[in-house]
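**Student:** Build me a model from this:
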Amino acid sequence: MKLSPSSHIDNFARENLPEEKLQPTYNLKDFKYPETLNVGFELTNAMVEKGFGDNIALIGNGRRRTYKELTDWTNRLAWALVDNYNVKPGNRVLIRSANNPAMVACWLAATKVGAVVVNTMPLLRKKELSEIIDKAEISHILCDTRLIEEVEDSGKEHSCVKFVIPFDGSANHYSELDKVALEKSIHFEANKTSWDDVALLGFTSGTTGSPKATMHFHRDLLIIADGYAKEVLKVTETDIFVGSPPLAFTFGLGGLAIFPLRFGAAATLLENASPPNMIEIIEKFKATVCFTAPTAYNMMLAAMDEGADLSSLRAAVSAGETLPAPVYDAWLKKTKKPMLDGIGATEMLHIFISNRFDDHKAGCTGKPVTGYEAKIVDEDMNEVKIGEIGQLAVRGPTGCRYLSDDRQEKYVKNGWNITGDSFSQDEDGYFYFAARNDDMIISSGYNIAGPEVEAALLSHPDVMECAVIGAPDQKRGSIVQAHVVLKTETISNDQLTQDLQNHVKKSIAPYKYPRSIIFTESLPKTQTGKIQRFLLRAQ
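**Tutor:** This next block holds a predicted model:
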């Protein structure tokens, strides 16, 4: 498919798209947009023009902001980015923040300017952020002042970084960007980006642990709302969204920003989206749509047994890890409403197979969302028999585009996206998750690459070698389990276990640390020296 003329002055994104022959086949017949399209404009100014100006758009940090207020705020920020920090269309802008209205405003403002945004979460450490900065050649970093430590020297350490700009995520507007923006006009003409200009880079970790950047167009960000959110969730302006996934994840950006803003609804944003905090928000604001992992829904069930009133929830979306049938059954019994299990991928941007309110069953992922088709194939891309487990292949209006990455050829085959999941399909067209194909560990909705944890452990002076696997856990779905061979003179004990865990927490994002460490004299290996992790899983 030939690309439209780009508005980008900085052509880095266009120049690093995969070759057309390496991209998946796209089905856009259900999604019609003008060739000139800017998502930042569509989710703010356009919503005011449609009459939603007085509707509440964002709730967080003690404040409620209407669509008119959000539009004015993002326009001021956009002027600041252009006038004071020289952001050009196509520049990559990294945003570092927890889930709060200021992060959404910064994302929308940078998008209006025509920048390519990279959202990152607070848990990432300097090493991980540096890899992202280098891969995407980040020119500007917008960072919540409370999280500035890990990036404040980036301008000195990375030649591509021109500005590190602090903003106030707490709603007080006391930081540099906020003060500059307050002096700007509330009127800003959004950059006339093309519908197929890159708007977002979503980073994901593969089995190697090295970061992959998925490239998403302006049209893609609207497609997930006009497809899944409209068809499956049936979002209206009266909805109030709540959830736990970070906005840095495409699952969170869709569920807690794009979906509500596309339909004039409201999003409640929690910096600490623990189950107790989500329960409090649901009760306080009568939230109607929730995005979180099965672990949190389990805790909500327990809270309802103790008197919590979550009756306002009409949609409980579960993704990020497999929804256990007992949790589904308990929720349906308690609320008389189904949980909507689904599967998505950063490469695909959001959920592409899902259950529906009127078509759902336990232990089942559902059927493809409007515009998508899926099939189960073997390693040679031949469809397997009904009921047999194979690799999930999917194609539709969105698809995998890795930024300058040889792994593109592995993910896309014959125009189909191979998601890395093992599935089966029944004779009625329903899809059933079996397992991940690779060494990715999914724990409480977080994707954790085992080799990355291994690298952190191996940097400890007492570790000779190690292997990391996902171990089943009733509460989290899976936990990171490390099998560790110590150096000869080292003695294993509880203190060393704790020391290794703390070492990993300091080396990489803390949520990736091994909750279980097993000391062993040797690891099972092939004759060529490759560790046989499947034997560890079988223990």
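**Student:** Quick test: name the residue nearest the centre of this structure.
**Tutor:** For the chain, the residue nearest the mean C-alpha position is residue 249 (1.7 Å; Cα atoms, centre = their mean).
**Student:** Okay, now the unreliable bits of the stretch 251-400 of the chain?
**Tutor:** 320-321 (pLDDT under 70).
**Student:** what about the helices in it?
**Tutor:** 259-262, 275-285, 294-305, 325-335 (DSSP state H, counting those that start in this stretch).
**Student:** Identify, out of the ones you listed, the most deeply packed stretch.
**Tutor:** helix 259-262 (a mean of 25; mean count of other Cβ atoms under 10 Å). Every C-beta, even on glycine, is put in place using the N, C-alpha and C of the backbone.
**Student:** what's the distance between that helix and the middle of its chain?
**Tutor:** Computed by Cα atoms, centre = their mean, to the nearest Å, the chain-centroid distance of helix 259-262 equals 16 Å.
**Student:** do the same with stretch 418-435
**Tutor:** 22 Å.
**Student:** Quick check: closest non-adjacent residue to residue 18.
**Tutor:** Closest residue to residue 18 apart from its sequence neighbours, by Cβ to Cβ, 6 or more residues apart in numbering: residue 408 at 4.6 Å.
**Student:** actually residue 124, sorry about that
**Tutor:** residue 509 (5.5 Å).
**Student:** so who does that neighbour touch?
**Tutor:** 121, 123-125, 128 (Cβ atoms under 8 Å, 6 or more residues apart in numbering).
**Student:** mind checking the longest helix of this protein?
**Tutor:** Longest among the helix segments of the chain by residue count, using DSSP state H, is helix 67-83.
**Student:** what does that helix contact?
**Tutor:** 40, 44-45, 47-48, 52-55, 57-58, 65, 87, 93, 101, 104-106, 108-110, 112-113, 115, 140, 177, 180-182, 184-188, 190, 264.
**Student:** Out of these, which end up buried?
**Tutor:** 40, 44-45, 47-48, 52-53, 55, 57-58, 65, 87, 93, 101, 104-106, 108-110, 112-113, 115, 140, 177, 180-181, 184, 188, 190, 264 (16 or more other Cβ atoms under 10 Å).
**Student:** Now intersect those with the helices, please.
**Tutor:** Using DSSP H, the buried ones among the contacts of helix 67-83 in helices are 40, 45, 47, 101, 104-106, 108-110, 112-113, 177, 180-181.
**Student:** For residue 479, state which of these is nearest.
**Tutor:** residue 104 (31.5 Å; Cβ to Cβ).
**Student:** what residues are up against that closest one?
**Tutor:** Residue 104 touches 58, 70, 247, 257, 267, 269, counting by Cβ under 8 Å, 6+ apart.
**Student:** Count the residues that sit near the nearest residue to the last one once chain neighbours are set aside.
**Tutor:** Take residue 269 and drop its neighbours on the chain: the residue closest to it by Cβ to Cβ, 6+ apart is residue 60, 3.8 Å away. In terms of burial, residue 60 registers 23 neighbours under the definition other Cβ atoms under 10 Å.
**Student:** how much space between residue 60 and residue 408?
**Tutor:** Distance of residue 60 to residue 408, computed by Cβ to Cβ, to the nearest Å: 37 Å.
**Student:** what do you get for residue 37?
**Tutor:** Residue 37 is 25 Å from residue 408, by Cβ to Cβ.
**Student:** PyMOL command for the buried members of the contacts of residue 509?
**Tutor:** Selecting only the buried entries of the contacts of residue 509 in PyMOL, with 16+ other Cβ under 10 Å as the criterion:
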select buried, resi 121+123+124+128
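**Student:** Inside strands: which ones of the contacts of residue 509?
**Tutor:** Among the contacts of residue 509, DSSP state E puts none in strands.
**Student:** Out of the contacts of residue 509, which one has the lowest pLDDT?
**Tutor:** Lowest pLDDT among the contacts of residue 509: residue 123, with 87.
**Student:** wait, isn't that one in contact with residue 511?
**Tutor:** Yes - Residue 123 is in contact with residue 511 according to Cβ atoms under 8 Å; the separation is 5.9 Å.
**Student:** surely residue 192 meets residue 40?
**Tutor:** No - in this structure residue 192 lies outside contact range of residue 40 using Cβ under 8 Å: 11.7 Å.
**Student:** what do those two both touch?
**Tutor:** Counting by Cβ under 8 Å, 6+ apart, nothing touches both residue 192 and residue 40.
**Student:** Residue 417: what secondary structure?
**Tutor:** strand (DSSP: H, G, I helix; E, B strand; the rest coil).
**Student:** Quick check: the gap between it and residue 347.
**Tutor:** Taken as Cβ to Cβ, the span from residue 417 to residue 347 is 6 Å.
**Student:** same deal with residue 139?
**Tutor:** From residue 139 to residue 347 the distance is 25 Å (Cβ to Cβ).
**Student:** what residues are shared contacts of residue 417 and residue 347?
**Tutor:** Common neighbours of residue 417 and residue 347 (Cβ under 8 Å, 6+ apart) are 399-400, 411.
**Student:** if we can go back for a sec, nearest to residue 277 among the contacts of residue 104?
**Tutor:** residue 269 (11.2 Å).
**Student:** wait, that closest one sits on residue 105?
**Tutor:** No - between residue 269 and residue 105 there is no contact under Cβ under 8 Å: 10.9 Å.
**Student:** Show me where the stretch 101-250 of the chain dips below the pLDDT cut-off.
**Tutor:** Looking at the stretch 101-250 of the chain by pLDDT under 70, you get 205-209.
**Student:** could you pull out the strands for it?
**Tutor:** 116-120, 140-144, 163-167, 198-205, 211-217, 240-243 (DSSP state E, counting those that start in this stretch).
**Student:** Let's have those strands in TSV, adding distance to residue 521.
**Tutor:** Output for these, formatted as TSV (distance: least, Cβ to Cβ, whole Å):
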stretch	distance to residue 521
strand 116-120	40
strand 140-144	46
strand 163-167	48
strand 198-205	30
strand 211-217	34
strand 240-243	45
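**Student:** Nearest approach to residue 24 belongs to which of those strands?
**Tutor:** strand 211-217 (12.1 Å).
**Student:** quick one on the thing from earlier: ok, now which ones touch the residue nearest to residue 269?
**Tutor:** Here residue 60 is in contact with 99-101, 171, 268-271 (criterion: Cβ under 8 Å, 6+ apart).
**Student:** The protein - how does it break down into domains?
**Tutor:** For the chain, automatic domain parsing gives the domain ranges 38-192, 443-538.
**Student:** from the middle of its chain, how far away would the first one be?
**Tutor:** If I follow you right, that is domain 38-192. For domain 38-192, the distance to the chain centre is 18 Å (Cα atoms, centre = their mean).
**Student:** how long is that domain from one end to the other?
**Tutor:** 7 Å (Cα to Cα, to the nearest Å).
**Student:** Could you do the last one as well?
**Tutor:** End-to-end distance of domain 443-538: 19 Å, with Cα to Cα as the criterion.
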